[in-house]
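Engineer: pasting the sequence and the predicted coordinates here, then a few questions.
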Amino acid sequence: MEIGQAGSAFWALPTEQLLQGLGTRLEGLTEQEAAERLQRYGANTLRRARYEGKQVILLRQFINPIVLILIGAALIAGLLGDATDTLIILTIVLLSGILGFWQEASASDAMQRLLARVQVTAAVMRDGQLRSLPVEQLVPGDIVYLNTGDLVPADGVVLTTQNLMVNEAVLTGESFPVEKSAEPTPAEAPLSQRTNALWMGSYVASGMGVMLVVVTGERTQFGQIAQRLRLRPEETDFERGVRHFGSLLLEVTLILVLLIFAFNVYLRRPVIDSFLFAVALAVGLTPQLLPAVITVNLARGAVQMARVRTLVKRLAAIENLGSMNVLCSDKTGTLTEGVVHVQEARNAQGQPDEQVLHYAALNALLQQGFNNPIDDALRQVWQGNLDEYVRLGEIPYDFSRKRLSIAVRHGNAAWLITKGALAQVLEICDSVQIGTVEQPLASYRDALLAQAESWLQQGYRVLGVAIKSLPVGVPIERDLEQGMTFIGMILLSDTPKATARAALEQLREVGVEVKIITGDHATAAKQLMTQLGYTEVRIMTARQLQILTEEALIPRVSEIDVFAEVEPHHKERIIRALRKAGYVVGYLGDGINDAPALHAADVGISVDTAADVAKDAADIVLLEKDLSVLTAGIREGRKTFANTLKYVFMATSANFGNMFSMAGASLFLPFLPLLPKQILLTNFLTDLPEMAIATDNVDEELLLHPARWDIHFIRNFMLVFGLLSSIFDYLTFGVLLWLLQAGVTEFRSGWFVESVLSASMVVLIVRTRRPFFRSLPGGWLLGLSAISWLLTLWLPYSPLAHLLGFKPLPPMFLGALAIILLLYMLSAELIKQLFYHHQRGFRRWGNPA
């Protein structure tokens, strides 16, 4: 059999044949063998996860259709004898492309460095030792140990299993986990019935197992599906808004340019000059920097968020994080310390009992499934000689049973020890130990539940413990969990974080409401929220949730503070209801049962210590499970969103207005208002400061509320400020032509200076809702703006003036242009204040969430 061959029915082959065919052994590959196979088969990744190479980024700067047409037209003009203008046009296009490439390449490098910090690892046998390696380094023939919460890292087969249950919904659509065994299945069996096969993209819901990797990377079943469907994440509101905005400007541009070209030809102007003018105008009108600015802005935002211990896996999630107005989270580790303490053990009569604690600690010590804080706490209180006990088997914990059973032998006696949620432990018991006598449970059930309720009201978590004598040699299977004897309860505490109350207040200050979704008892959850300052805690239990229809749940979810006693599938339902109610929902989860909820949320948030499946499903990973860390990330997300919208405002105000005015002027002037090379130079000099927009300061009030992209608001902005820009452009035309009696070259020089200065100066006005003098711009933005202004004023007097078609401007011209610019700035500030007052429903840029 060919190693790692996709399409082969490896699930039908005996284990020995597979091991031999793959050239491996149970002790695993050597590092040398693995390195050779990694070279041969490539990394265990999917193509969609790779970042573009530098060559692709560079090429993309020049494959814009309008830019290609411009290059072609310039080359034609050169062949017809205008070599100087051709060289100038090509130089400006090259400089613009290099500027965009440098920004995007830097952003790409930064993102790759950040993503390298969020790695999913696997426990792999190499050189006979178990090692933790990134899943990308797995190769056919590797032996991988799987545990509860692990992602299945490749396609392969089960070698050994202990109650291994795997969720394969990503491939089969079946939401219930499938039990796996090591027995080969028929070659013709459908994927869902290959019970010995494991598939990339699935995850271990419960139990443990050892797998043999057979197929990796794009040759896996999941990889082939991804290739066929070209899987990509769902488009966010922001991405959709950017696409619609770009399409709107592109449509306006194409229509305008075609009309301008047709009219100029009709007026018997040179065809090549008219065509170059029209295409250069299109370059100025098209928001060609929008993709680069967005990429740079989001990447810089991701770097800034990493500094506040928040790693971004998907750039588009930054906008959703900034727009988020509801955060759903478990309480453990976020509102509490996440460190469980054993307070005491009580028997069925409510008295302290060391024997109950002994059995619970023994269960925790011998379990080999998913590690958790409760078992960690119980191990610390163990007193005894573990060597006296022999572990016979385990029935692992899962989220439907909510209990864990261990079979153990001590001397000649064998026992099944079960601990878990009180109700789920009581349901498998038919007796209760009272002193040294076993009594029927039915007579004591209500008293036990009442006693537990009183402890819950004191803020404790309560576990039930039960035991059962086992016959020698009995198979350790789930049906053993019946007819057990209840022996007592464990009282646990997880104290609130000292920072929890302040963190909740910080989230409220930035417009984010926190809703707790927990599997804990409603009484315990209410007690915690009371400790954190809630005077009235609105709670919905799983039982209340289940009787509500989807339609009835939608209006109710906004009224609830805590969803308690929930099952894993309830989390996704709650989040979808919140989204349908109009909220932008974040979900913070780190457990194996959180993956569906993380996918369902607008922004999935996890922590770097989370289960693999949760970390893989998340858009954003916190390096510290603390709500104050998340608050800092939200603020950075809103800075990124605000700065991205600033470029949109700039592109729709002076830039768009100038180009629109130029197009109109070309129809009544007996000459082109600017030459093609001058239009491109104008575009380059106005783009220069806008590339620094990602570093700009953001007004504090924009960080206090969620804001969402709104194309109607931006369209209104474009109409108002584009019209204002055009009014002053035509005022400039009149002053130059009729008041100053400018010749063609002087007109072009004066119009170039006014166009660049107005477009780059108005940036300082529209970048803030405040009066511009009360909002300090970022250093890079101000510095590059100043460089752009100086270059613009220098060029008509420079040695390059003749090549560019400029000439020095007399002092009177400069004075007149200065007055026009001053009036434009004052008018833009006044119109801005009136515009935001009129749009007072839009308290922030874009539609408030």
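Structural biologist: Ah, there it is.
Engineer: only C-alpha atoms from now on, for both contacts and neighbour counts.
Structural biologist: Will do.
Engineer: centre-most residue in the protein?
Structural biologist: For the chain, D619 is the residue whose C-alpha lies nearest the centre (CA atoms, centre = their mean; 2.5 Å).
Engineer: show me what contacts that residue?
Structural biologist: By CA atoms under 8 Å, 6 or more residues apart in numbering, the residues touching D619 are 312-314, 317, 603-606.
Engineer: okay, buried residues for whichever strand or helix holds I467 please.
Structural biologist: Here I467 sits within strand 461-470, counting by DSSP states H and E. Within strand 461-470, the residues scored as buried using 16 or more other CA atoms under 10 Å are 461-468, 470.
Engineer: strand partners (parallel or antiparallel) of that strand?
Structural biologist: strand 413-421 (antiparallel), strand 484-493 (antiparallel) (DSSP bridges).
Engineer: let me know the closest of the buried residues of strand 461-470 to I575.
Structural biologist: R461 (25.6 Å; CA to CA).
Engineer: how much space between the closest one and A525?
Structural biologist: Going from R461 to A525 by CA to CA, to the nearest Å gives 10 Å.
Engineer: okay, now the unreliable bits of the stretch 651-800 of the chain?
Structural biologist: For the stretch 651-800 of the chain, the stretches with pLDDT under 70 are 652-656, 658-659.
Engineer: narrow the contacts of D619 to those in helices?
Structural biologist: Counting by DSSP state H, these place A317 in helices.
Engineer: now what about the strand holding I467, what contacts it?
Structural biologist: Outside strand 461-470, the residues touching it (CA under 8 Å, 6+ apart) are 356, 359-360, 413-423, 425-426, 429, 452, 455-456, 483-493, 520-521, 524.
Engineer: just the buried members of those?
Structural biologist: Here, 16+ other CA under 10 Å leaves 356, 359-360, 414-422, 425-426, 429, 452, 455-456, 484-493, 520-521, 524 buried among the contacts of strand 461-470.
Engineer: between the buried residues of strand 461-470, which is nearest L38?
Structural biologist: For these, the nearest to L38 is L463 (47.1 Å; CA to CA).
Engineer: where does that closest one land on pLDDT?
Structural biologist: At L463, the pLDDT value in this model is 95.
Engineer: least confident secondary structure element in the chain?
Structural biologist: strand 847-848 (a mean of 41; mean pLDDT, DSSP states H and E).
Engineer: and V629, what does it touch?
Structural biologist: V629 neighbours (CA under 8 Å, 6+ apart): 308-310, 622.
Engineer: where does the residue lying farthest from the centre of the chain land in three-state SS?
Structural biologist: The C-alpha centroid of the chain is most remote from Q741, which lies 58.2 Å away (CA atoms, centre = their mean). The local conformation at Q741, judged by DSSP: H, G, I helix; E, B strand; the rest coil, is coil.
Engineer: measure it to V735 for me?
Structural biologist: 8 Å.
Engineer: which residues do the two both contact?
Structural biologist: Common neighbours of Q741 and V735 (CA under 8 Å, 6+ apart) do not exist.
Engineer: distance-wise, check L804 relative to F277.
Structural biologist: Taking CA to CA, one finds L804 at 14 Å from F277.
Engineer: which of these two has more neighbours?
Structural biologist: Of the pair L804 and F277, F277 is the one with more neighbours under other CA atoms under 10 Å, namely 28 against 21.
Engineer: show me the contacts for that one.
Structural biologist: 261, 672, 675-676, 679.
Engineer: and D616, by the same measure?
Structural biologist: Contacts of D616 by CA under 8 Å, 6+ apart are V120.
Engineer: any idea which helix or strand carries it?
Structural biologist: Per DSSP H and E: helix 612-617 holds D616.
Engineer: before we move on, back to that, which ones among the contacts of V629 are found in helices?
Structural biologist: Per DSSP H, those never map to helices.
Engineer: could you list the low-pLDDT ranges of the stretch 501-650 of the chain?
Structural biologist: For the stretch 501-650 of the chain (pLDDT under 70), the answer is 592.
Engineer: could you show me where the helices are in it, in order?
Structural biologist: 522-531, 542-546, 550-557, 568-580, 595-600, 612-617, 627-650 (DSSP state H, counting those that start in this stretch).
Engineer: likewise for the stretch 101-250 of the chain?
Structural biologist: 169-172, 221-229, 237-266.
Engineer: comparing those helices by mean pLDDT, which bottoms out?
Structural biologist: Averaging pLDDT over each of the helices of the stretch 101-250 of the chain puts helix 221-229 lowest, since it has a mean of 65.
Engineer: tell me how many other residues crowd G586.
Structural biologist: 27.
Engineer: give me the beta-bridge partners of it?
Structural biologist: Assigned bridge partners for G586, using DSSP bridges, are L327, V603.
Engineer: correct me if wrong: it contacts A600.
Structural biologist: No - proximity of G586 to A600 does not meet the contact threshold set by CA atoms under 8 Å, at 9.3 Å.
Engineer: contact partners of stretch 582-596?
Structural biologist: So stretch 582-596 is contacted by 148-149, 205, 320-321, 323-330, 399, 568-569, 571-572, 575, 578-579, 597-598, 601-607, 609-615, 617-618, 849 (CA under 8 Å, 6+ apart).
Engineer: distance check, A498 against L736.
Structural biologist: Taking CA to CA, one finds A498 at 68 Å from L736.
Engineer: what does A450 give?
Structural biologist: 90 Å.
Engineer: for F721, same thing?
Structural biologist: Taking CA to CA, one finds F721 at 23 Å from L736.
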